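Peer 1: My questions concern the predicted model and sequence given below.
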Amino acid sequence: LARLTASCGWSMTWVENSEWLEFCTEFIPEATIPSRKVLRNRLIPAEVKKSRALAQAACRGQLGTLQCDGFTALNQHHLLAFMISVNGTVYTIRTDDTSNEPKTAENLLRRLREVLQILEQEWVVTVIAIL
């Protein structure tokens, strides 16, 4: 359910939608339907943890190129995403909400150094270029 929610871009309220609940009652009555609180606090974080572990394992000991991209989301929050490309696959390292801070070279450099440290210590990736 966590992956379905993310891949479809759904609001977490869908798990409490009356049509969904009726569908489950009729076709999978034995299923336990999670609340959006359970989806948000347990299921999605567990999937993120699994996905991150798989990404780190795929990148461990490899060479990679680091990239970042800033954009404004639909909710008008300014986000800054850091990604690493290893063997032709792009992995998200982290995404920061930078809405409330000045967009300066100093702030970008500080965040870039933090990500480089994460890649070196946690992901064990050698960054060969920054795009």
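Peer 2: Yep, that arrived.
Peer 1: Helices along the chain, start to end?
Peer 2: 2-8, 18-27, 36-38, 44-59, 105-118 (DSSP state H).
Peer 1: Residues contacting the last one, please?
Peer 2: Residues outside helix 105-118 that contact it (C-beta atoms under 8 Å, 6 or more residues apart in numbering): 66, 68, 80, 82, 93-94, 96, 98, 101, 127, 130. C-beta here means a position set from N, CA and C on the backbone, and glycine is covered the same way.
Peer 1: so how far is residue 58 from the residue of the chain most remote from its centre?
Peer 2: In the chain, the residue that sits farthest from the middle, by C-alpha atoms, centre = their mean, is residue 26; the gap is 33.6 Å. Distance, residue 26 to residue 58, using C-beta to C-beta, to the nearest Å: 41 Å.
Peer 1: likewise residue 8?
Peer 2: Residue 8 is 25 Å from residue 58, by C-beta to C-beta.
Peer 1: any idea which helix or strand of this protein has the worst average confidence?
Peer 2: For the chain, counting by mean pLDDT, DSSP states H and E, helix 2-8 ranks last in confidence among helices and strands (a mean of 90).
Peer 1: what comes into contact with it?
Peer 2: 10, 12, 14-15, 39, 43-44, 46-47.
Peer 1: ok, now which ones touch the residue farthest from the centre of the chain?
Peer 2: With C-beta under 8 Å, 6+ apart, residue 26 has no contacts at all.
Peer 1: Begin at 13 from now on, thanks
Peer 2: Right, with 13 as the first residue, what we last looked at is residue 38.
Peer 1: Roughly how far does it sit from residue 51?
Peer 2: 21 Å.
Peer 1: Next: residue 18.
Peer 2: From residue 18 to residue 51 the distance is 10 Å (C-beta to C-beta).
Peer 1: before we move on, what about residue 75?
Peer 2: 37 Å.
Peer 1: ok, those two, which is more surrounded?
Peer 2: residue 51 (20 against 13; other C-beta atoms under 10 Å).
Peer 1: Report the contact partners of that one.
Peer 2: Going by C-beta under 8 Å, 6+ apart, residue 51 touches 13-14, 17, 24, 27.
Peer 1: likewise residue 140?
Peer 2: Residue 140 neighbours (C-beta under 8 Å, 6+ apart): 75-77.
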